[in-house]
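Asks: Got a predicted structure here, sequence first:
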Amino acid sequence: MEDKVRQQAERLRVQLAALDGAPPVLIDPAPLRRVEQAALALREALNAVPEDSRPHLTSAELGFMPGPGLDAFVPKHAQVQQKDLGSLAQGAAAVQTWIGASRRQAYREFLVRGYVRGFAHLWREHRPEPADNTPGSAFFEFAQGWLQFAGVAADHQRLIGAALQPEWRLRRE
């Protein structure tokens, strides 16, 4: 695990340096807002599909014939769709916070939080205890050490805490 985390931390260091030297993100925010709104609207529309119609929608989408195998798959498929659409909406909202030179810090925080989530994933795969983001916990100390290795010098408590929370892409503490 240590080798994988070291590679991730080194990659984070390189990406942060590249970000510091990169031009500001210049994207028209209007399409991003439309993507965010459309993803949320589609999520809401999917929630409105009656329970007994969902197997038909899943069948038509995936090309599977209705039946016990498909019926058992429908709830998980709907859950994945909801997660993916929520992630898409949050991603579009996050990119809107990166636009312009003054927003580089939001982009930097997103990048660091993504790596903390990667550290947590490896932690869960290789350690019996949870990836607890409480200061002083074993995971917190582990993640903090690798952030320092990557050159992230400040705000460890805020960054690690926010990385493992819902809506981590946008969380502002």
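Replies: Good, I have the coordinates.
Asks: and the residue of the chain most remote from its centre, how far is that from Phe73?
Replies: Distance from the C-alpha centroid of the chain, by Cα atoms, centre = their mean, peaks at Gly67 (34.0 Å). Using Cβ to Cβ, to the nearest Å, Gly67 is found at 10 Å from Phe73. Heads up, the C-betas are built off the backbone N, CA and C, glycines and all.
Asks: Check what pLDDT the most centrally placed residue in the chain gets.
Replies: By Cα atoms, centre = their mean, the chain has its centre lying nearest to Arg169, at 5.9 Å. Looking at Arg169, its pLDDT reads 72.
Asks: hang on, it is in a strand, isn't it?
Replies: No - under DSSP: H, G, I helix; E, B strand; the rest coil, Arg169 falls outside any strand and is assigned coil.
Asks: so who does it touch?
Replies: With contact taken as Cβ atoms under 8 Å, 6 or more residues apart in numbering, Arg169 is in contact with 90-91, 93-94, 110, 113.
Asks: same question, Val74
Replies: 54-55, 58 are the contacts of Val74 under Cβ under 8 Å, 6+ apart.
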